[in-house]
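>>> sequence first, predicted coordinates after that:
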Amino acid sequence: MPALDPLERFRLDGRVAIVTGASSGLGARFARVLAGAGARVVLAARREQRLEDLAGELDGALPVRCDLADPEAAGALVDAALAEYGRVDVLVNNAGTNEVIPALEQPPERFRAIVDVNLVAPFALAQRAARVMIEAGRPGAIVNVASIWGVVGVGQISDAAYAASKGGLVNLTRELAAQWARRGVRVNALAPGWFPSEMTLGTMFGDERAERWVATRAPMGRGGEEHELDGALLFLASDASSYMTGQVLLVDGGWTAV
Ligand SMILES: NC(=O)c1ccc[n+]([C@@H]2O[C@H](COP(=O)([O-])OP(=O)(O)OC[C@H]3O[C@@H](n4cnc5c(N)ncnc54)[C@H](OP(=O)(O)O)[C@@H]3O)[C@@H](O)[C@H]2O)c1
């Protein structure tokens with residue numbers, strides 16, 4: 001009997017993956033991980049030069065400028081992927097935004113603007129990508145990048161819109177998974193704890209008090225390192241997780257375990 005290759009199901013050769021928010025932080029890393037596993041990656045965000053620079057490093061990547069606050073953006077992004085590659089197999093809904101402001105002071109229109117990017121746009125993209133996957137009759141995987149803030153409150157940092165949008169994304173994941181499970185589209189959420197990125201630099205990382213708070217509060221005594229989401233992301237995006245849908249994978253150093 002040939003030796004079992006348990007890593008084969010993590011490969012993405014021949015697949016096409018869209019990664020939103022690929023111009024920085026976790027999204028740029030996710031794009032590198034998926035490309036490293038063999039996927040052709042569509043890189044989406046507003047900062048085009050950054051996308052072009054990253055595309056230059058990866059084999060066969062496509063940079064697509066898009067502003068996910070624009071209701072037309074989801075359709076245009078999926079269409080761009082189809083025009084270039086003719087298929088979409090993986091969608092990583094990673095782009096996100098936040099505003100640290102006490103709930104008592106946040107104008108509802110600012111709240112709504114965050115929900116638009118963090119929740120409405122991922123829904124529109126998932127809907128559009130799922131239609132393509134179902135019509136093609138090929139299995140698809142959608143990974144929604146949520147947050148520990150989508151399953152617990154935080155309080156010490158004030159961001160009600162972020163908490164609401166990530167909580168919404170967590171249960172949207174379950175609902176879409178249930179609706180599409182028999183049609184070959186799996187939907188899971190990856191919920192990170194604290195990781196260094198543009199979003200967290202200056203608030204969580206690089207600020208002594210905040211770093212001390214994370215170190216004291218997190219069972220592992222530290223924030224996450226850049227590479228510590230690679231395995232979870234690839235697992236959810238690939239056939240390695242083919243019997244898993246509607247789940248939230250928390251990668252948080254134990255933050256939500258206590
Ligand atoms: N870092 C953490 O500790 C942490 C923890 C939990 C969850 N997350 C989640 O991880 C995801 C990535 O965040 P990050 O930490 O890597 O922060 P980041 O470096 O600030 O990345 C955010 C990304 O989203 C894109 N984006 C924001 N608004 C957009 C819009 N209107 N249209 C298109 N793209 C937009 C940004 O690109 P442009 O500015 O170029 O458009 C950027 O690439 C977010 O969903 C975040 O909520 C992060």
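Here it is on my side, so go on.
>>> counting neighbours, which bits of stretch 117-137 end up buried?
117-126, 128-130, 132-133 (16 or more other Cβ atoms under 10 Å). Using the backbone N, CA and C atoms, a C-beta is placed for each residue, glycine as well.
>>> is it in proximity to the ligand?
Yes: counting by Cβ under 6 Å from any ligand atom, the ligand is contacted by stretch 117-137 at Val117.
>>> average pLDDT for that stretch?
Per-region confidence: stretch 117-137 scores 98 on mean pLDDT.
>>> alpha carbons only: can I get that stretch in CSV?
Extracted in CSV, the C-alpha atoms of stretch 117-137 (Å, rounded to 0.1, in the frame of the first residue of the first chain):
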residue,chain,number,x,y,z
VAL,A,117,-17.4,46.9,5.2
ASN,A,118,-17.1,44.2,7.9
LEU,A,119,-20.5,42.4,7.4
VAL,A,120,-22.5,43.6,4.4
ALA,A,121,-19.6,43.3,2.0
PRO,A,122,-18.6,39.8,3.1
PHE,A,123,-22.2,38.7,2.7
ALA,A,124,-22.4,40.2,-0.8
LEU,A,125,-19.1,38.6,-1.8
ALA,A,126,-20.1,35.2,-0.3
GLN,A,127,-23.4,35.3,-2.2
ARG,A,128,-21.7,36.2,-5.5
ALA,A,129,-18.9,33.6,-5.1
ALA,A,130,-21.3,30.9,-4.0
ARG,A,131,-23.4,31.4,-7.1
VAL,A,132,-20.3,30.9,-9.2
MET,A,133,-19.2,27.8,-7.3
ILE,A,134,-22.7,26.2,-7.4
GLU,A,135,-23.1,26.9,-11.1
ALA,A,136,-19.7,25.4,-11.8
GLY,A,137,-20.6,22.3,-9.8
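>>> what about that stretch, distance to the chain center?
In terms of Cα atoms, centre = their mean, to the nearest Å, the centre of stretch 117-137 is set 13 Å apart from its chain centre.
>>> contact partners of it?
Residues from elsewhere that reach stretch 117-137, judged by Cβ atoms under 8 Å, 6 or more residues apart in numbering: 18, 20, 68-69, 71, 73-75, 77-78, 82, 87-89, 91, 93, 95-97, 139-140, 142, 144, 161-162, 165-166, 168-169, 172, 176, 180, 183-185, 187.
>>> so of the buried residues of stretch 117-137, which ones are in strands?
The strands in this structure, assigned by DSSP state E, contain none of those.
>>> which one of the residues you listed sits closest to the ligand?
Distance to the ligand across the buried residues of stretch 117-137 (Cβ to the nearest ligand atom) is lowest for Val117, with 4.7 Å.
>>> quick one on the thing from earlier: pull out the buried residues from the contacts of stretch 117-137.
Counted by 16+ other Cβ under 10 Å, those give 18, 20, 68, 73-74, 77-78, 82, 87-89, 91, 93, 95-97, 140, 142, 144, 161-162, 165-166, 168-169, 172, 176, 180, 185, 187 as buried.
>>> taking those one by one, which sit in strands?
Using DSSP E, the buried ones among the contacts of stretch 117-137 in strands are Ile18, Thr20, Leu91, Asn93, Gly140, Ile142, Asn144, Val185, Val187.
>>> so the last one sits against Trp180, correct?
Same thing as Val187. Yes: under the criterion of Cβ atoms under 8 Å, Val187 makes contact with Trp180 at 6.5 Å.
>>> helix or strand: which one has Asp230?
Per DSSP states H and E: Asp230 is located in helix 230-237.
>>> up against the ligand, what does this protein have?
20-21, 23-27, 45-47, 66-69, 94-97, 117, 145, 147, 192, 194-195, 197-200.
>>> list the contacts of the closest residue to Asp239 other than its chain neighbours.
Spatially, and ignoring its direct neighbours in sequence, Asp239 is nearest to Arg9 (4.5 Å; Cβ to Cβ, 6 or more residues apart in numbering). Residues near Arg9 by Cβ under 8 Å, 6+ apart: Ser238, Asp239, Ala240, Ser242.
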